[in-house]
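[1] Model the following, please.
(chains A and B)
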Number of protein chains: 2
Amino acid sequence: MNFKTVYSLLSNDLKKIEKELEQVLDANSPLLKKSSLHYLQAGGKRIRPIFVLLSAKFGKYNLDKVKNVAVSLELIHMASLIHDDVIDDAETRRGRPTVKAKWDNRIAMYTGDYVLARSLELITSLKNVHAHQILSETMVELSIGEIEQIRDKYDFNQTLTNYFRRIKRKTALLIAASCQLGAIAAEVEPIHQEILYKFGYYAGMAFQITDDILDFTSTDEKLGKPAGSDLLQGNITLPVLFALKDESVRSEIIKVNEYMDLEELKQVIASIKNTDAIDKSVAVSDWYLNKAMNLLKELPDKESKSLLNAVVLFIGRRNF
Amino acid sequence: MNFKTVYSLLSNDLKKIEKELEQVLDANSPLLKKSSLHYLQAGGKRIRPIFVLLSAKFGKYNLDKVKNVAVSLELIHMASLIHDDVIDDAETRRGRPTVKAKWDNRIAMYTGDYVLARSLELITSLKNVHAHQILSETMVELSIGEIEQIRDKYDFNQTLTNYFRRIKRKTALLIAASCQLGAIAAEVEPIHQEILYKFGYYAGMAFQITDDILDFTSTDEKLGKPAGSDLLQGNITLPVLFALKDESVRSEIIKVNEYMDLEELKQVIASIKNTDAIDKSVAVSDWYLNKAMNLLKELPDKESKSLLNAVVLFIGRRNF
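    Below is the predicted model:
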């Protein structure tokens, strides 16, 4: 089974989620509607809703209940993207922000706040305090992760631990929460809820590491941004940390700064790819994926199990 | 009884809340700790915690339970101030943002997200889904209010309805929620919860209108910013809306823009104060205060009732 099959098997439910996402953001403020739908229409893999749905299938699957959770998780993810963009937007107009640019940033910041608040409102439909606890704790970690990412920018002396802690907070915990909340919504047995949470954590770590690898190995076209953008922005990811161990490549990498031109950057990327950094990173991602797949063995034999397996395999093989 | 007496009667509990606020923000990230404590140490009237405490006193007052609610409400307010500042900060450095300035804005934005998330985490200690619902709905309204405020900036043709809806969302609903959540935490009788919620709404409306009046009538020193700052920033408040009805003053007001120098602004403020705009605004504030005081009559006779009455009187008379 491949990932496309997963999509097509879930397509009816995913369509309903897509519709719900639109409806939730259909605020009576036209400005807010425009700005939040702007992000929604940019699309996405909807990986968090997929984890919610598949985890819920281990219990009493009720789309109406599960849908709200799936939408809520996607909205939290979207809100964090919006807040990331506020800052990026400000940078691209560096030095000469137009009034329009500033206006948009304000709107974007509060749109992020709005999307987040809508997400929290939705999760209360579960009538489960524990669910709210999980979500708010995840949000605390997410915001600490964002701040750590800023702190660690262009810090070429950071450790692997810095990196792993950061991606745990920024990505893995939200995917773990997606699985757990999907399970809670469908009243999955507590022991299986726990397994799904851990599964989500491992899958999430692999998902982010793969993302970080793709920034080097994929094409500008597929990424929708120049390859190596992470490095240019000072985000020191796993491949970079491995490459820094090579003294000659290290001397190239530490010259990277946000003003470096793209041709020079391409040279640095080529040097990184010339080391064993990518292979080593893939090995780490595979380690997490194996952990995730092993956990699946502990779950009851349902169709959803093979679907989750397909998602895990997709994470390791995807090129977008 | 005056407001000082309210403070001194609550001082033990307020001190504990202050301590808790510090502890909650004591993240293990030194950067985050620094940025969030920065706002905390700037102080404030802690009006939301006061409403929480006094409302809780109509039920089974348990400081440990009520404390978390009070801290949570103050944190939401603080998070919204932080996000307001992100934008303002960007403006003061207009045209030439230093790297440090941009860095601080990023940090500030995520600090706001962090403070908000901590607030939500705290409210889950209540183990009451309805409480989360109230809080998340208030947050939705708050963010819509922020966006409306941006939309309505320098719009001299907006209506009184625009203004009232905006301050309802930006201020009154959060104070209403403070009263309601304090009451919920102390298991106050539902009918009294409802009254406290409405009371908080009316008191909150008056609180914001008074704030908007003070921007004209208070001194730079007491405000901690130049008088008339709201108008300069394009926030069209109640006194301005009333003054706009005077044709000659209107022609002065509509010339206000963010680049206007302070001397010229002072002239406009003097003209506004020369109309009946301030008196009319005070009358509206008094109308809300009366509504609030009348609601108090429907509550059981407890010491807290006279304390809430003192708070209401303070709102109408305060000069800071």
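[2] Any buried residues in the top helix by length along chain A, and which?
    Across chain A, the longest stretch assigned as helix under DSSP state H is helix A:63-92. Buried residues in helix A:63-92, counting neighbours by 16 or more other C-beta atoms under 10 Å in any protein chain shown, are found at A:65-80, A:82-87, A:90. C-beta here means a position set from N, CA and C on the backbone, and glycine is covered the same way.
[3] swap in stretch A:218-233?
    Within stretch A:218-233, the residues that count as buried by 16+ other C-beta under 10 Å are A:218, A:223, A:227-228, A:230-232.
[4] and those residues near chain B, which?
    With C-beta under 8 Å from any C-beta of the partner chain as the criterion, those include none near chain B.
[5] Point out the least confident one among those residues.
    Among the buried residues of stretch A:218-233, A:Leu223 has the lowest pLDDT, at 73.
[6] hang on, it packs against A:Asp230?
    No. Assessed by C-beta atoms under 8 Å, A:Leu223 is found out of contact with A:Asp230, at 10.0 Å.
[7] shared neighbours, these two?
    A:Asp215 (C-beta atoms under 8 Å, 6 or more residues apart in numbering or on different chains).
[8] if we can go back for a sec, among the buried residues of stretch A:218-233, name the ones in helices.
    Using DSSP H, A:223, A:230-232 are the members of the buried residues of stretch A:218-233 that sit in helices.
[9] wait, which of these is closest to A:Val24?
    A:Val24 has its nearest neighbour among those in A:Leu223, at 28.5 Å by C-beta to C-beta.
[10] Would you enumerate the residues in contact with A:Glu189?
    With contact taken as C-beta under 8 Å, 6+ apart, A:Glu189 is in contact with A:58-59.
[11] Can you give me the separation between it and chain B?
    From A:Glu189 across to chain B, the span is 22 Å (C-beta to the nearest C-beta, to the nearest Å).
[12] Ramachandran angles for that residue?
    Main-chain dihedrals, A:Glu189, degrees, to the nearest 10: phi -50, psi 140.
[13] after the longest helix of chain A, next one along is what?
    Where DSSP states H and E defines the elements, the next helix or strand beyond helix A:63-92 is helix A:99-123.
[14] Distance from the helix or strand following that next one to the middle of the chain?
    Sequence order places helix A:129-151 as the next helix or strand after helix A:99-123, per DSSP H and E. Centroid separation between helix A:129-151 and its chain, computed with C-alpha atoms, centre = their mean, to the nearest Å, is 13 Å.
[15] Ok, stretch A:73-81 next?
    Counting by C-alpha atoms, centre = their mean, stretch A:73-81 comes out at 9 Å from the chain centroid.
[16] didn't A:Val282 look like it was pressed against A:Asp212?
    No. A:Val282 lies out of contact with A:Asp212 (C-beta under 8 Å); the separation is 10.9 Å.
[17] between the two, who's got more neighbours?
    Taking other C-beta atoms under 10 Å in any protein chain shown, A:Val282 and A:Asp212 do not tie; A:Asp212 has more neighbours (23 against 17).
[18] Identify the residues contacting the more buried one.
    Going by C-beta under 8 Å, 6+ apart, A:Asp212 touches A:167, A:230, A:237-239, A:281.
[19] Which member of these is positioned nearest B:Thr138?
    Nearest to B:Thr138 among the contacts of A:Asp212, counting by C-beta to C-beta, is A:Ile167 at 32.6 Å.
[20] residue of the stretch 201-320 of chain A with the smallest distance to chain B?
    Across the stretch 201-320 of chain A, the shortest distance to chain B (C-beta to the nearest C-beta) belongs to A:Glu258, at 9.3 Å.
[21] Could you verify my assumption that A:Ala56 touches A:Gln180?
    No. Between A:Ala56 and A:Gln180 there is no contact under C-beta under 8 Å: 10.7 Å.
[22] Fine, thanks again, bye for now.
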